[in-house]
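# Requesting a structural model of the entry that follows:
(chains A and B)
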Amino acid sequence: MTGRSRLELVCPAGTPAALRTAIIAGADTIYCGFRDETNARNFPGLNFSRAEMDESIAFAHERETKVFVAINTFPRAGQEQLWRHAIDDAVTFGADALILADLGLLAYASDRYPQIRRHLSVQAAAANADAIDFYTRNFGVRRVVLPRVLSVGEIAAINREINCETEAFVFGSLCVMAEGRCSLSSYATGISPNLGGVCSPGSHVDYHADDHELASILGSFTIHRVSRDLPAPYPTVCKGCFTTQNFRGHLFEDPTGLDASALIPQLAMAGVTALKIEGRQRSRAYVGAAVRNLRRIVDNYAAGLPVNEASLIHLSEGQSTTQGAYRKLWR
Amino acid sequence: MLGSDAPEKRKSAPNSRISLTMGPLLFNWPTERRCDFYARLADEAPIDTVHVGEVVCSKRLPFYLDSIAETVDRLQRGGKTVVLSTLALITLPRERQYTVDIIHNGEYEVEVNDIAALAHLAKEQAFRVGPYVNVYSGGAFRVLAGLGASSVCLPPELPIDTVEALATLARSLSVGCEVWSFGRVPLAVSGRCYHARVHKLTKDACQFVCSRDSDGLDVDTVDGRGFLAINGVQAMSNTYCNTVGDADRLRIAGVTALRLSPHSCDMIAVSKTFRDLLDGKLDSEEALRRTGEICGEVSFSNGFLFGGSGSEMVRRPQVR
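Predicted coordinates:
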């Protein structure tokens, strides 16, 4: 016996095929969403129809894998039925937990389906014990997905104070801002990620080339300008290049992906219950590779074996990684 | 547990007078300038409610904490309703403590800008909800009203039809409904300080470089076009939101208050222009022209309410 807890690996699925791949690769739990505005990865061609969700949950349960359904955007006043139906259907299909962010939906789910686990989405950005306490007390939230602004030490301190589980992102793209509280994309395009589930929507992306350079444009704003022989960066505002009086470059964050796999022992000791892989929008091959690698690390840790960093760098954004806020080098 | 269908309070008679709120000062001004600003507001501005307190960065607070009591007193003697605002992002122990201290002040209404602050409210303590809390749905609005919210300043990115739906609900619940109406729009908040980053400093050793930019630091695209602004940990719009030309539409939507956010331009003149417009002493074209004159070389926007993107300025025909 090592006395080490076995962390739950929560893995993304943007399609039923990705769900099956992730399960075969060793996921303990899949998280996914319906094909509409009710989830925060509402990209064209992604997500689950009602029939697909029904079948996929059954498939997962046959293999002793749990499915969490993300209904984690914010309903527009007057159009809440779409979101409430998503909750009703997820419950009908046997979802193991609902991942929610909106206060109204949390109230609806806790009133209507008290027996179904409610998890707080990272989109609610509950970054301290007081916020978490509010959600557990008022809505019976059983687990909180922690915002990516916290250090390992801060996570440990939070876990000492709260009476629900925490889930921390371990790998994938990094939101630079407090999640669910960002209108940068909306300012450039008019489409709110909080309301519609898409950040920097493809419909508002354009690329302009001249003899020497390629510009990536969101709405009408140039977000990147690179030499023509380089790949065009996708124009996500928080990862763009801008200028101020005395600065030119990646103002908010360098274009790196999060890889906290080396910190898995510290996260476990900080009291985290589950590790989350970001990337419902990513390919099946990506999901399979990420899940396999992290499965090995989590199992090695639980078995008391050394934790080798995953060979995941080729999967990361810009082929470079950061441990993000977990180590807060910028503090 | 909080019910999703809490019974509505009795409907109050619609009150067509829209009040004006001066939001909290978001920028890092020297204490003396800060005190002078509030003293002038107290004496001269046709503002009903004034917010005081730090919303952006807890590191700025020690510089002016001791002046707050005098500022509040001055504002009250000037006939203003004073609200104490709390931080938009609470992570550090000292930030939690500061929030608790404000919530338990025992005298003034507080504005909650992070859900965490709700955890400390006394039973039946009235509070206001700031623009940093995600109130997009009727359900969320009802939950907050059920907890005792007396007023909600809606997230600035909401379009006018959603504002109207929430303002209608607000009226039925006898809760105020405020809209971001003047000033750079807060777009995002981060754990990281961008002022420190562009000056190649760490957050802990930031040298308070944000104090050099009284309206935030302009951020341009690499093509040289104004796009955003940074203010410590906050990302803002480069444009100043300005709804002075849209007040009639906001009145029809049922909005009860307009929020003006302090900048270095003459905020007394800005508030007088808004008040004169609301009182029918100015038409919207003239009001818009005057605010342009007061602000000088800034671009205005009202695109979150009316446009295809938040950055746009949509000139609409007047609603009569």
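# shaky segments in the stretch 151-300 of chain A?
For the stretch 151-300 of chain A, the stretches with pLDDT under 70 are A:255.
# go again using 90 as the cut-off
A:151, A:154, A:172-179, A:195-198, A:210-211, A:229-233, A:246, A:253-262, A:279-282 (pLDDT under 90).
# Spell out which parts of it neighbour chain B.
Residues of the stretch 151-300 of chain A lying near chain B by CB under 8 Å from any CB of the partner chain: A:154, A:176-178, A:180-184, A:186-190, A:192, A:194-195, A:215, A:219-225, A:238, A:241-248, A:251-253. All C-beta atoms are positioned from the backbone trio N, CA, C, and that covers glycine.
# Make a ChimeraX selection of whichever of the residues you listed turn out to be buried.
Applied in ChimeraX, the following selects the buried portion of these according to 16 or more other CB atoms under 10 Å in any protein chain shown:
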select /A:154,176,177,178,180,181,182,183,184,186,187,188,189,190,192,194,195,215,219,220,221,222,223,224,225,238,241,242,243,244,247,251,252,253
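# Show me what from the stretch 1-150 of chain B comes close to chain A.
Counting by CB under 8 Å from any CB, the stretch 1-150 of chain B sits next to chain A at B:1-5, B:88-91, B:96, B:99, B:114-120, B:132, B:134-144.
# switch to 7 Å and redo it
Residues of the stretch 1-150 of chain B lying close to chain A (CB under 7 Å from any CB of the partner chain) are B:1-4, B:89-91, B:96, B:114-116, B:118-120, B:132, B:134, B:136-140, B:142-144.
# quick one, longest strand in chain B?
Ranked by residue count, the top strand of chain B under DSSP state E comes out as strand B:176-189.
# Can you name every helix or strand that that one contacts?
helix A:184-189, strand B:149-153, helix B:160-172, strand B:234-242, strand B:257-260 (3 or more CB pairs under 7 Å, 6 or more residues apart in numbering or on different chains; DSSP states H and E).
# switch the cut-off to 8 Å
If you count contacts as 3 or more CB pairs under 8 Å, 6 or more residues apart in numbering or on different chains; DSSP states H and E, strand B:176-189 packs onto helix A:184-189, strand B:149-153, helix B:160-172, strand B:226-231, strand B:234-242, strand B:257-260, helix B:267-278.
# elements contacting the longest one?
Using 3+ CB pairs under 8 Å, 6+ apart as the contact criterion, the secondary-structure elements in contact with helix B:160-172 are helix B:138-147, strand B:176-189, helix B:247-253, helix B:303-306.
# Quickly compare those and say which is most buried.
Among those, strand B:176-189 has the highest mean neighbour count (mean count of other CB atoms under 10 Å in any protein chain shown), at a mean of 26.
# so what strands line up beside that one?
Strand B:176-189 sits in its sheet next to strand B:149-153 (parallel), strand B:234-242 (antiparallel), strand B:257-260 (parallel), going by DSSP bridges.
# what's the next secondary structure element after the longest strand of chain B?
Later in the chain than strand B:176-189, the nearest helix or strand by DSSP states H and E is helix B:194-198.
# Other residues contacting that next one?
Here helix B:194-198 makes contact (CB atoms under 8 Å, 6 or more residues apart in numbering or on different chains) with A:244, A:246-247, A:251-252, A:330, B:202-203, B:205-206, B:209-210, B:213, B:217, B:230-233, B:235.
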